[in-house]
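Undergrad: A predicted structure for the sequence below; I have some questions about it.
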Amino acid sequence: MKDPEIPVVSLVEMGIVRDVMINDACVIVTITPTFSGCPALHAMKADIVECLNMLGYANVEIQTTFTPAWSTDWITESARTKLREFGLAPPPIHHGDLNVMLLEVATCPHCGSTNTSLRNSFGSTACRMIFYCNACNQPFEQFKPL
């Protein structure tokens, strides 16, 4: 079950899959999307159902919860590494202490420099921002810390 927008990480690694319950009647998977209006929500649900059907589970129920809201702190370390290797800067871990300074800080996934500048608060998806690395002169996206 890969993230439909980032094929190098799974929904589990991104912290989107919150719970899985198996009973005699069905498999119930609880997910928390990154945003309440996430355009990939339908694709994520369909992928989970398809994957579990292929594993022999005929009855699959997907429950969506927004409480607690998804946090970038839920992204696993292995996913953070994969994101960097893919060219996406993972957000800083904030432990719920969000402040505006986190929006201005990014480490370049290409060269590791922190000599970066925010170029646009909106990237290719609602959950990303566009930065520019002043050290290697490469643009890159970073997940917004949520």
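TA: The structure has been received and is ready for your questions.

Undergrad: How about the secondary structure of Thr107?
TA: Following DSSP: H, G, I helix; E, B strand; the rest coil, we place Thr107 in the coil state.

Undergrad: who does the lengthiest helix in the chain touch, helix- and strand-wise?
TA: Criterion DSSP state H: the longest helix present in the chain is helix 41-54. With contacts defined as 3 or more CB pairs under 8 Å, 6 or more residues apart in numbering; DSSP states H and E, helix 41-54 has these neighbours: strand 27-31, strand 60-64. For the C-beta atoms, the positions are set from N, CA and C on the backbone; glycine is no exception.

Undergrad: How is this protein partitioned into domains?
TA: For the chain, the structural domains run 1-70, 76-143, going by automatic domain parsing.

Undergrad: For these, give me TSV that also has mean pLDDT.
TA: Shown next, in TSV, are the domains of the chain (pLDDT from 0 to 100):
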stretch	mean pLDDT
domain 1-70	92
domain 76-143	89
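
Undergrad: related to what we said a few turns ago, save the helices and strands packed on helix 41-54 as CSV, and put in distance to Met1 too.
TA: What follows is the helices and strands packed on helix 41-54, written out as CSV (distance: least, CB to CB, whole Å):
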stretch, distance to Met1
strand 27-31, 9
strand 60-64, 11
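
Undergrad: of those strands, which approaches Pro7 most closely?
TA: strand 27-31 (17.6 Å; CB to CB).

Undergrad: ok, Ile31 - contacts?
TA: Each residue near Ile31 by CB atoms under 8 Å, 6 or more residues apart in numbering is listed here: Leu11, Ile16, Val17, Arg18, Met44, Lys45, Ile48, Ile62, Gln63, Thr64, Thr65.

Undergrad: so what's it bridging to?
TA: Val17, Thr64 (DSSP bridges).

Undergrad: Would you mark the buried spots in stretch 6-19?
TA: Buried residues in stretch 6-19, counted by 16 or more other CB atoms under 10 Å: Ile6, Val9, Ser10, Leu11, Glu13, Met14, Gly15, Ile16, Val17, Arg18.

Undergrad: distance between the ends of that stretch?
TA: Here the two ends of stretch 6-19 are set 21 Å apart, with distance taken as CA to CA, to the nearest Å.
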